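A.B. asks: Pasting a predicted model and its sequence here:
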Amino acid sequence: MSEVSTVAPVAGPDPRATSASASLRRMARWLRRNLFNSPGNSFLTVAALVFLALVLPAAWEWAVSQADLWGDSKGACIDQGACWVFVRVRLPVFIFGQYPPSQQWRVLLAFALLVGFAVPALRDGTPHRALWVVLLLTLFPLLAGLLLVGGVAGLPFVDTTLWGGLMLDVVISFVTMAGSLPLGVLLAYGRRSQLAGIRTVSIAFIELWRGVPLLTVLFMAAVLLPLFLPSGVTVDRLLRAMGALVLFNAAYMAEVVRGGLQGVDVEQEEAAQSLGIGWLQTQTLVVLPQAMRIIVPGIINTAVDFFKDTTLVTIVGLSDLLGAVNQALKDPAWLGLAPEGYVFAAVVFFVCCFAMSAYGRSFERRLARGQGR
Amino acid sequence: MRLKFGSRLTLGGAIFAAAFGFCAQAFAQSTVKSPTLDAIKKRGELSCGIDTGIPGYAYQDSSGKWQGLDVAFCRAIAAAVLGDSEKVKFTGLTSKVRFTVLASGEIDVLIRDSELTFARNTQLGLAEPAVNFYTGQTFMVRKSLGVSHVKELNGATICVETGTTLETNIADYNRANNIKIGTLLFERPEEAFAAVEAGRCDGYTDDGGSVAAARSTMKNPNDWVFLPETIGREPLGPYVRQGDEAWFNIVKWTHFAMLEGEVLGLTRDNIDEAKKNPTNPDLRKFLGVEGDLGKFLGLDNDWSYRVIKQVGNYAEVYEATFGAKGLGFPRGMNNLWTNGGLMMPYPWY
């Protein structure tokens, strides 16, 4: 529109009026093509608009115009809408669990480290990007682990039973991702191996974990494992849950990776062989990089799944964000605020998962550009 | 990962103790042997299994700190055993995993609003040291109904959570008393609360603690009253593993110490004053000024003082969790026997 109006004026009708009517026509065309292109779709469009008109004002009233945010007790919620005071007062618990307030900076620092390591590793065009990926999977967990657990360098020890809230979701999904991806690659190769022993073991492992529900696996780790261990030996509850999640998700990761490996043309491998390149180098320099391009969308899809699955740890007594919300609902001083708590948890999970898929989509777009060359 | 390699040592100790057990008992009464107690002292922390979240018994306040009747019991044991009520590691347990986790040795004691039953005692190999909350199926009704007894509910409709014994209890009660109390069933407690609030039922029923929680979610809790009778019976209390009687005794007598505090009128605020120059012989013995109550449990003689000083007597804890400062649930059966309740601590001598 602005382009048209900056063109030198010509004789005839006012160009601005023309551009306005042109854009109106364009809009009408767009509407017809996308929303009213058949009687059925027209009906659905109208129905959806009516539904939104009915629901949105009420939702707005509940969540914003009639809601209370300030105060420090349930008594401060005097309006008819949502009592966001509850969420605001509980926010530290929802994010850090029972992590001691004086030590919560450690969690924030660990998160900053995660961003610091993840951004160069995930961004295109970082020099030595592979090195950053390796650092993200090795040095970062070490630093973050020391920081969060403590007991060294003057940092007080914080037992993992005090960990909780969103922090626990992030820790668990990172560990699951970082543990299951390498294991998944190994299993995928194992499944394609020509050695019958390795192949059978890999297939058995993958199919075993894919064949049992995640809840069962978590129960096994939480309840049955201590019975099998010698008496007096206990393994940290969180560690057990994370171990179970890593093994479980590695099986899914392996199938994603295997799909990628199969998508790389056999000729690529044969060409490398004909140049006298050894097997290991063929795989790490020729096959895996190409396979990774194919499987990144799959990996991100699985990662979104992992992140949402972390809420299942509540059933073994760990209290992640959803668990913390559930617990907060039981406080006699704040009873009856389930909608506020659940809406908050849903929004947080949506934002995190949406960010992950947005990254995945941008990656795919870049990939499409690269291949279209 | 934390590994505890003390198990062999304790096992050795246990065999040693078994071999020389009765000699030792004959000569020195104070050498109480408890593997659980030894493990706790070595760890410096009591590991207590509690509910993952339930109003009254165990819940987190806005700062994330555990509160509740069961939680206070855990803290009292830690105060008696370790001298510090804060040295407790709380493990939230769902009802499905609680007994297995206790049996595996991951926790020292389970205080999780658990009903004490014959089957759990004998078939799960668990011991039931005390009852810290007596309850049963309780009714809450709209005050304007003008009903003051369960029998008068003939013709009324009560909201109930489905899939529990609550429903069958009402059916049995109807048959036994030849009346008709109607029920409206709900999948989740929140839905039932909302239906009660909306006036779809005349009242709500569940175990005592849950009804108290339901009442406090109402817009105007004072419009609702609890009926004095309960149907069914649910004595709730702690569980420990069998085979460690000394530890069983510590849990049992910590509960009684909290009750004794109430009997003797000792509170968190006045116990220091009372300890200065006690003349009452019961008080002198209880506070460890004379006699060796603590030694017989394998503890020091200040154990009961610390329980009251750091956690409070039973009445104080009840007041803060179920009572006026908490859910507003009348003490009823949980009163001392002198006030018409069932709580009667065993005498000390």
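C.D. replies: Great, that's in hand.

A.B. asks: only C-alpha atoms for contact and neighbour calcs from this point on.
C.D. replies: Fine.

A.B. asks: burial of residue 241, as a residue count?
C.D. replies: Unless you meant another one, I'm taking chain A. 23 (other C-alpha atoms under 10 Å in any protein chain shown).

A.B. asks: look at chain B instead
C.D. replies: Neighbour count of residue B:241, defined by other C-alpha under 10 Å: 24.

A.B. asks: got it, and the one 4 residues further on?
C.D. replies: When neighbours are counted by other C-alpha under 10 Å, residue B:245 registers 18.

A.B. asks: quick one: pLDDT of it?
C.D. replies: pLDDT, residue B:245: 93.

A.B. asks: Quick check: residue B:139 is in a strand.
C.D. replies: Yes - checked against DSSP: H, G, I helix; E, B strand; the rest coil, residue B:139 lies within a strand.

A.B. asks: residues touching it, list them.
C.D. replies: Residue B:139 is in contact with B:150, B:203, B:204, B:205, B:206, B:211, B:226, B:227, B:229, B:230, counting by C-alpha atoms under 8 Å, 6 or more residues apart in numbering or on different chains.

A.B. asks: Keep only those of those that are in helices.
C.D. replies: residue B:211 (DSSP state H).

A.B. asks: Pick out the residue closest to the middle of the chain.
C.D. replies: All of this refers to chain A. Relative to the mean C-alpha position of chain A, the nearest C-alpha, by C-alpha atoms, centre = their mean, is the one of residue A:304, at 3.7 Å.

A.B. asks: I was thinking of chain B, sorry if that wasn't clear
C.D. replies: Note: chain B centre (C-alpha atoms, centre = their mean) maps to residue B:132, 3.5 Å.

A.B. asks: who's in contact with it?
C.D. replies: Here residue B:132 is in contact with B:70, B:235, B:236, B:237, B:238, B:255 (C-alpha under 8 Å, 6+ apart).

A.B. asks: Buried among those? Make that a PyMOL selection.
C.D. replies: Of the contacts of residue B:132, the buried ones go into a single PyMOL selection, burial set by 16 or more other C-alpha atoms under 10 Å in any protein chain shown:
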select buried, chain B and resi 70+235+236+237+238+255
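
A.B. asks: Beta-bridge partners for the closest residue to residue B:166 other than its chain neighbours, please?
C.D. replies: Using C-alpha to C-alpha, 6 or more residues apart in numbering or on different chains and skipping the chain neighbours, the partner closest in space to residue B:166 is residue B:206 (6.6 Å). On the basis of DSSP bridges, residue B:206 is bridged to residue B:138.

A.B. asks: Report the separation between residue B:206 and residue A:266.
C.D. replies: Residue B:206 sits 67 Å away from residue A:266, going by C-alpha to C-alpha, to the nearest Å.

A.B. asks: neighbour count winner among the two?
C.D. replies: Shown here are residue B:206 and residue A:266; by other C-alpha under 10 Å, residue B:206 has more neighbours (24 against 11).

A.B. asks: Residue B:160 is in contact with that one, correct?
C.D. replies: Yes - assessed by C-alpha atoms under 8 Å, residue B:206 is found in contact with residue B:160 at 7.2 Å.

A.B. asks: any common contacting residues for those two?
C.D. replies: Common neighbours of residue B:206 and residue B:160 (C-alpha under 8 Å, 6+ apart) are residue B:166.

A.B. asks: helix or strand for the closest residue in space to residue B:264 that isn't next to it in sequence, which one?
C.D. replies: The shortest distance from residue B:264 to any non-neighbouring residue, by C-alpha to C-alpha, 6+ apart, is to residue B:283 (7.1 Å). Using DSSP states H and E, residue B:283 sits within helix B:281-286.

A.B. asks: What helices and strands are in contact with that helix?
C.D. replies: The contact analysis (3 or more C-alpha pairs under 8 Å, 6 or more residues apart in numbering or on different chains; DSSP states H and E) places helix B:281-286 against no helix or strand.

A.B. asks: Now do the contacts for the residue of the stretch 151-300 of chain B found nearest chain A.
C.D. replies: Relative to chain A, the nearest point of the stretch 151-300 of chain B is residue B:217 (4.9 Å; C-alpha to the nearest C-alpha). By C-alpha under 8 Å, 6+ apart, the contact set of residue B:217 is A:335, A:336, B:193.

A.B. asks: ok, the second one touching residue A:326?
C.D. replies: What it means is residue A:336. No - checked against C-alpha under 8 Å, the pair residue A:336 and residue A:326 is beyond contact range at 11.4 Å.

A.B. asks: Those two - which one has more neighbours?
C.D. replies: Using other C-alpha under 10 Å, the more surrounded residue of residue A:336 and residue A:326 is residue A:336, with 22 against 19.

A.B. asks: still on that earlier bit, adding distance to residue B:168, write the contacts of residue B:217 out as TSV.
C.D. replies: Output for the contacts of residue B:217, formatted as TSV (distance: C-alpha to C-alpha, whole Å):
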residue	distance to residue B:168
A:335	28
A:336	27
B:193	20
